[in-house]
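Chemist: Dropping the sequence and predicted coords here.
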Amino acid sequence: MIHLPKSHEGCTKPTAHDSASAPIPVLMPEAPLGVALIGTGFMGKCHAMAWRNVATVFGGAHPRLEILCDTPIDKAEAFGAQFGFARATSDWQATVRDARVDVVSITAPNGLHRPMAEAAIAAGKHVWLEKPMALTLADARAMADLAAQHPGQMTILGYNYLRSPAFQAARAMIGAGAIGTPRAFRGVYDEDYSADPDLPWSWRMTHEAGGLGALGDLGCHLVSHMIALMGPVAELTAMTQIAIPERPSPDGPRPVENEDSAIALLRFASGAHGTFATSRVAHGRKCRLQWEVQGSEGTLVFDQENMNELWVHRMGEAGFTRHLTGPSQPDFAPFCPAPGHNFGFNEQKVIEARDLLAAIAGGANAGPDFASGLEIERVIHAMAASGGTRVKLGAEL
């Protein structure tokens, strides 16, 4: 049984606390590994913070921050100094070939994911790649095939929400049968970063540079949770929508090519069914990665906007119980010994860096690696291609 600090619905403080337990030892590299980071945006900074903190939190050798790569070079130099990297460059090809680099973090625009990742693998490097994996399903297949040919080089994709202690606890509870047999999944991931019709057109809204829209930016995260909790998707029927067909640009209105939202009905290989929805134009929603799993003996509910709470109902109880994150949940204790003291977005990235380092050191790869990432890509591209017709996931798209 998973023991969690909990309070009854409506309470603000837990009524029972865990005692902080010693962190489970994790296999980590004994020698420092050289890191190159490509990209300095939101996720680039997240990767930099993760690399700087991973050994502090989990032990092992501190990574060497070797190269920061971005364009133009003055930007790379400024962020390289801020992030603590030894060198800066605007040449990503030279970066992935550099002899002092062992691991390449790729946080560049979507259209560069495949060439950068493949070049890094060809140069003998381990790869930490932000999602989505690629622009197209064909690209993702090629990347997975190449990674399979280099089994000694670890790959991991940036599905950081899988590292939430509350999510990990929920997954463990389902695996242990705490809510019986999972029967249904209800999931949604909505944000409003594109809800303003006056938001300028960008590369993210094109197939050539951005790939999929809401499915590739948001929906893939929901799919990663869905597969981890429910198992493989067998078939689906989906529809997509471009809610704002044109965006302003200096050259006049330009068309939006990829979806603003998507909805789907699903059947899992287990026989369970599910619903799925995602939108980048949902006014008021900031990070509504929200799901519930209904089982034969209970229900679990989670919302990333309240990521330090997991709501649990077991058959026979009057209602739901609110469980606060704490050191009894996976990966919480190395950061904080006290329950209810709240976990954050960037801590998830530190765990992700730990998982990659552990795999490099010879431990199991917690993933998603490129092989399991391909399965996520199959689902979101099936949704994009469905057009309201049933798609069986075993069939080639």
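Modeler: Everything's here; your move.

Chemist: Return the alpha-carbon coordinates of the helix or strand encompassing residue 143 using PDB.
Modeler: Using DSSP states H and E, residue 143 sits in helix 137-148. Below are the C-alpha coordinates for helix 137-148, written out as PDB (Å, rounded to 0.1, in the frame of the first residue of the first chain):
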ATOM      1  CA  LEU A 137       5.900  10.400 -37.300                       C
ATOM      2  CA  ALA A 138       8.400   9.400 -40.000                       C
ATOM      3  CA  ASP A 139      11.000  11.500 -38.400                       C
ATOM      4  CA  ALA A 140      10.300   9.900 -35.000                       C
ATOM      5  CA  ARG A 141      10.600   6.400 -36.400                       C
ATOM      6  CA  ALA A 142      13.900   7.300 -38.000                       C
ATOM      7  CA  MET A 143      15.200   8.700 -34.700                       C
ATOM      8  CA  ALA A 144      14.000   5.600 -32.700                       C
ATOM      9  CA  ASP A 145      15.600   3.300 -35.300                       C
ATOM     10  CA  LEU A 146      19.000   5.100 -35.000                       C
ATOM     11  CA  ALA A 147      18.900   5.100 -31.200                       C
ATOM     12  CA  ALA A 148      18.200   1.300 -31.300                       C
END
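
Chemist: Confirm residue 374 sits in a strand?
Modeler: No: remark: residue 374 does not belong to a strand; assigned using DSSP: H, G, I helix; E, B strand; the rest coil, it is helix.

Chemist: All the helices of the protein, residue numbers only.
Modeler: Counting by DSSP state H, one finds helices in the chain at the ranges 42-58, 73-83, 92-97, 113-122, 137-148, 165-175, 207-210, 214, 220-230, 345-360, 370-386.

Chemist: Output the below-cut-off pLDDT ranges for the stretch 251-397 of the chain.
Modeler: Where the stretch 251-397 of the chain drops to pLDDT under 70, the residues are 395-397.

Chemist: all strands for it, in order.
Modeler: Ranges of strands within the stretch 251-397 of the chain are 254-255, 261-268, 273-279, 288-295, 298-303, 309-314, 321-324, 390-392, based on DSSP state E, counting those that start in this stretch.

Chemist: The shortest one pairs with which strands, and in what direction?
Modeler: When sheet partners are counted by DSSP bridges, strand 254-255 sits next to strand 246-247 (antiparallel).

Chemist: now what about the strand it pairs with, what contacts it?
Modeler: 197, 199, 200, 201, 202, 205, 253, 254, 255, 256 (C-beta atoms under 8 Å, 6 or more residues apart in numbering). Using the backbone N, CA and C atoms, a C-beta is placed for each residue, glycine as well.

Chemist: Nearest residue to the middle of the protein?
Modeler: Centroid-nearest residue in the chain, with C-alpha atoms, centre = their mean: residue 159, separated by 1.5 Å.

Chemist: May I have the residues that are in contact with that one?
Modeler: 131, 220, 221, 224, 352, 368, 376.

Chemist: tell me the contacts of the first one?
Modeler: Put plainly, it is residue 131. Counting by C-beta under 8 Å, 6+ apart, residue 131 touches 157, 158, 159, 216, 220, 221, 373, 376.

Chemist: Mind doing that once more with 10 Å?
Modeler: Counting by C-beta atoms under 10 Å, 6 or more residues apart in numbering, residue 131 makes contact with 43, 110, 113, 157-160, 216-218, 220-221, 224, 368, 373, 376-377, 380.

Chemist: and what of residue 266?
Modeler: Taking C-beta under 10 Å, 6+ apart, one finds 184-185, 187, 223, 226, 230, 233-238, 272-276, 379, 382-383, 393 in contact with residue 266.

Chemist: again, only this time at 6 Å
Modeler: 233, 236, 274 (C-beta atoms under 6 Å, 6 or more residues apart in numbering).

Chemist: do the same with residue 89
Modeler: Taking C-beta under 6 Å, 6+ apart as the test, what residue 89 contacts is 69, 95.

Chemist: swap in residue 378?
Modeler: residue 393.

Chemist: What separation do you get for it and residue 148?
Modeler: The spacing between residue 378 and residue 148, counted by C-beta to C-beta, to the nearest Å, is 16 Å.

Chemist: now residue 60
Modeler: Distance, residue 60 to residue 148, by C-beta to C-beta: 27 Å.

Chemist: Neighbour count: the two, which is higher?
Modeler: Neighbour totals were compared for residue 60 and residue 148, and residue 60 leads with 21 against 12 (other C-beta atoms under 10 Å).

Chemist: In space, what's closest to that one - neighbours in sequence excluded?
Modeler: Leaving out its chain neighbours, the residue that sits closest to residue 60 by C-beta to C-beta, 6 or more residues apart in numbering is residue 28, at 2.9 Å.

Chemist: Just read off the phi/psi values of that neighbour.
Modeler: Residue 28 adopts backbone torsions of phi -130, psi 150, taken as degrees, to the nearest 10.

Chemist: Any idea how many residues pack against it?
Modeler: Around residue 28 there are 17 residues (other C-beta under 10 Å).

Chemist: From here on, call the first residue 406.
Modeler: Noted, 406 is the first residue going forward, which turns the last one into residue 433.

Chemist: pLDDT score assigned to it?
Modeler: Here, the pLDDT recorded for residue 433 equals 91.

Chemist: From one end of stretch 736-745 to the other, what's the distance?
Modeler: 14 Å (C-alpha to C-alpha, to the nearest Å).

Chemist: so how far is it off the chain centroid?
Modeler: 21 Å (C-alpha atoms, centre = their mean, to the nearest Å).

Chemist: just to revisit the earlier point, possible to save the contacts of residue 564 as CSV with distance to residue 488?
Modeler: Listed next are the contacts of residue 564 as CSV, based on distance: C-beta to C-beta, whole Å:
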residue, distance to residue 488
536, 21
625, 26
626, 25
629, 27
757, 17
773, 25
781, 29
